[in-house]
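**Q** sharing a model that was predicted from the sequence below.
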Amino acid sequence: MSTSSSRQSTADHRRPTARRWWPALVLAGLALPLASCQSTASSATGTTSPSSSSAPSPSATPATIAVTPADAAGDVRLDAPVTVTVASGTLEDVTVTGPDGAALPGAVDAKGTTWTSSAPLAPASRYAVHAVATGASGEVTRDSVLTTLTPTETAFPAVAPLSGSTVGVGMPVIVTLDEPVARSARAAVEQHLTVTAKPAPVEGAWSWVSDSKLEYRPAQYWPAHTTVHVALDLGGVEVSPGVWGKTRAVDFTVGSAMVSTVDIGAHTLTVTRDGAVLRTIPVTLGQSGSGGKYITRTGTKVIMSLEATRQMDAETTGVSPSDPNYYNVATKYAMRLTNSGEFLHAAPWSVASQGKANVSHGCTGMSTANAKWMFDNSKVGDVVTYVGSDRTIEPGNGFNVWNETFPQWKAGSALGA
């Protein structure tokens with residue numbers, strides 16, 4: 001029995017050991033397929049694993065700002081527009097500051113991606129560009145500097161009438177540059193000249209008289225009591241190679257409509273103001289002798305200047321002191337009408353012929369009293385039309401812009417009709 005008991009005891013001792021390992025093996029076997037199924041499910045559904053969710057996403061494209069002209073030193077043209085463009089974003093602010101601290105004007109387009117300047121650049125000047133834009137990655141800024149060229153020469157535009165003056169309805173705007181304008185630049189010059197009339201706009205056109213002078217006239221006489229602003233934005237115009245214009249502005253007023261008519265055959269001067277006749281004055285005009293060279297010219301003339309006294313020296317018109325028709329006499333109340341020397345003026349020595357015969361050397365002579373009245377009631381730009389002779393006024397002989405039709409006048413523009 002002791003042997004048997006010993007075997008049983010041994011058997012009983014081993015069974016518990018076997019039972020302890022079996023559950024562990026079962027659990028281990030169950031755990032393996034479970035882990036395998038979990039891995040397969042993740043791959044099939046695309047669910048982000050903890051490790052993949054912690055990886056950074058691709059970064060957004062940042063906004064970038066470009067400035068044209070690019071950074072430069074001393075070679076930027078005055079007519080070059082400054083442009084600021086953003087890619088992958090929207091412009092929020094653009095400031096281009098000139099040497100005087102003033103901002104260069106400009107505007108952003110409808111898309112909000114491009115800013116363009118709207119005024120010419122000053123010569124030999126440094127401009128600072130500051131731009132701000134926003135994009136998907138946030139705000140970005142760009143600072144840039146550009147320096148404009150130094151012109152070889154500049155062309156200054158002299159203007160008539162003078163700023164602040166009051167003129168007649170026939171006064172043209174005359175611009176004379178002190179440097180010639182290349183024919184290829186004439187259109188650009190005209191495009192940068194602006195004439196604005198108030199209270200009502202006026203149709204008009206420029207016409208070139210020479211390579212350094214151009215004139216502006218309305219289609220009809222200026223309306224009386226009009227204010228006129230002339231802007232000459234020539235600072236960004238290269239009028240000829242290496243020569244750039246200068247910018248300035250002139251403001252003047254058109255006064256009453258003083259329009260006179262001289263009838264050469266009837267020896268009369270009829271003066272009207274705003275359509276009403278003020279006075280009819282007896283006058284004497286150019287004599288018909290000497291081959292007709294003293295005959296007063298027919299055509300519409302404009303008073304160019306008023307001089308209380310003037311020395312009339314025939315030598316200035318080409319008459320020699322040895323010529324029997326030579327004269328050198330002091331006159332009063334002289335109103336110039338032509339470059340060639342025709343005036344309205346007092347001629348007390350010819351009162352007996354005034355209203356009856358033409359005995360002058362081309363001027364319109366009248367009594368001292370009538371000349372003073374005419375002088376006191378006239379201004380530069382008033383119109384005096386002459387009729388009754390076969391001698392017509394030459395182009396360019398005075399402010400005679402009214403002796404062409406408006407279509408003929410516009411033919412002298414570099415911009416075409």
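**A** Okay, I see it.
**Q** now the strands for the stretch 201-350 of the chain?
**A** Ranges of strands in the stretch 201-350 of the chain, per DSSP state E, counting those that start in this stretch, are 204-208, 213-218, 227-233, 238-240, 243-245, 247-254, 258-263, 268-273, 276-282, 299-302, 305-313, 328-336, 343-346.
**Q** could I get the ones you listed as CSV with mean neighbour count and distance to residue 192?
**A** Any C-beta I mention is one placed from the backbone N, CA and C, and that applies to glycine too. Output for the strands of the stretch 201-350 of the chain, formatted as CSV (neighbours: other Cβ atoms under 10 Å; distance: least, Cβ to Cβ, whole Å):
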stretch, mean neighbour count, distance to residue 192
strand 204-208, 20, 11
strand 213-218, 22, 12
strand 227-233, 17, 4
strand 238-240, 22, 10
strand 243-245, 24, 8
strand 247-254, 18, 9
strand 258-263, 21, 33
strand 268-273, 18, 36
strand 276-282, 15, 40
strand 299-302, 24, 26
strand 305-313, 14, 29
strand 328-336, 18, 31
strand 343-346, 24, 36
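**Q** now those as TSV including distance to residue 416 and mean pLDDT?
**A** Below are the strands of the stretch 201-350 of the chain laid out as TSV (distance: least, Cβ to Cβ, whole Å; pLDDT from 0 to 100):
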stretch	distance to residue 416	mean pLDDT
strand 204-208	10	98
strand 213-218	15	98
strand 227-233	21	97
strand 238-240	20	97
strand 243-245	21	97
strand 247-254	25	97
strand 258-263	31	98
strand 268-273	36	98
strand 276-282	40	98
strand 299-302	25	98
strand 305-313	34	92
strand 328-336	34	93
strand 343-346	38	98
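**Q** pipe these into a markdown table and attach distance to residue 381 per row.
**A** Formatted as a markdown table, the strands of the stretch 201-350 of the chain follow (distance: least, Cβ to Cβ, whole Å):
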| stretch | distance to residue 381 |
| --- | --- |
| strand 204-208 | 14 |
| strand 213-218 | 11 |
| strand 227-233 | 11 |
| strand 238-240 | 27 |
| strand 243-245 | 26 |
| strand 247-254 | 8 |
| strand 258-263 | 9 |
| strand 268-273 | 14 |
| strand 276-282 | 17 |
| strand 299-302 | 6 |
| strand 305-313 | 11 |
| strand 328-336 | 11 |
| strand 343-346 | 14 |
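**Q** which non-adjacent residue is nearest residue 124?
**A** With sequence-adjacent residues excluded and distances taken as Cβ to Cβ, 6 or more residues apart in numbering, residue 124 is closest to residue 150, at 4.2 Å.
**Q** quick check: the one you found touching residue 75?
**A** No. Between residue 150 and residue 75 there is no contact under Cβ atoms under 8 Å: 9.7 Å.
**Q** still on that earlier bit, show me what contacts the residue nearest to residue 124?
**A** 74, 123, 124 (Cβ atoms under 8 Å, 6 or more residues apart in numbering).
**Q** tell me how many other residues crowd residue 358.
**A** 24 (other Cβ atoms under 10 Å).
**Q** wasn't it part of a strand?
**A** No. According to DSSP: H, G, I helix; E, B strand; the rest coil, residue 358 belongs to no strand; its state is coil.
**Q** mind checking how far it is from residue 190?
**A** 42 Å (Cβ to Cβ, to the nearest Å).
**Q** repeat for residue 323
**A** From residue 323 over to residue 190 (counting by Cβ to Cβ), the distance is 45 Å.
**Q** what of residue 368?
**A** 45 Å.
**Q** compare neighbour counts for the two and give me the winner.
**A** Taking other Cβ under 10 Å, residue 368 and residue 190 do not tie; residue 190 has more neighbours (21 against 15).
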